[in-house]
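Colleague: sequence below, structure please.
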Amino acid sequence: MRGGYQIDHFQPQVLRPDLKCDYDNLLYLCPACNAKKRDFILPDPCAVALGDCLRVHKNGSIEALNDDGKLLVDVLVLDDPHAEDFRRRLIGTLLSLAKCDRNLFVDWMRFPDDLPDLTQSPPPSNSRPGGIAESHFERKKRGELGEVY
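Modeller: Below you'll find the predicted structure:
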């Protein structure tokens, strides 16, 4: 989905302008979460297993399992009733698709066709040039990505 996500910084630019183009400081967020995050510093999902922080239940409710999880729930307002209802409907839909229509499930859960080619426009000060070879785009080219997320 083009324009569906935004790039933000773990360490906010106002606090760490030197990390503006540091790949290790970048993350994808949906626009709603990005607006809520603002200048908060959240747990890095590359350093903290989010499955150890949060549990999402089939009914859409979310449970903080530790302090990092509580921070995520509080800052991103993940326990909002509208978010909970959306998760419940989405989880139910995906579970039904997985059982009843595998092709449609794969269509929903596959990697996008237009993954960004980071070799075409790397940031001016790439802190991890070797990371480009491990990007989803390059892994897809090599046939190393699974069928679905």
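
Colleague: just checking, what's the longest helix in this structure?
Modeller: In the chain, taking DSSP state H as the definition, the longest helix is helix 81-100.

Colleague: ok, Val106 to Pro43 distance?
Modeller: 30 Å (C-beta to C-beta, to the nearest Å). From N, CA and C alone the C-beta is placed, and that goes for glycine too.

Colleague: typo on my end, Pro129
Modeller: Separation of Pro129 from Pro43 (C-beta to C-beta): 26 Å.

Colleague: how about the secondary structure of the closest residue to Arg88 other than its chain neighbours?
Modeller: Taking C-beta to C-beta, 6 or more residues apart in numbering, and ignoring the residues beside it in sequence, Arg88 has Gly60 as its nearest neighbour in space, at 3.0 Å. Each residue gets one of three states, and Gly60 gets coil by DSSP: H, G, I helix; E, B strand; the rest coil.

Colleague: my read: Gly60 touches Pro81, true?
Modeller: No: between Gly60 and Pro81 there is no contact under C-beta atoms under 8 Å: 9.3 Å.
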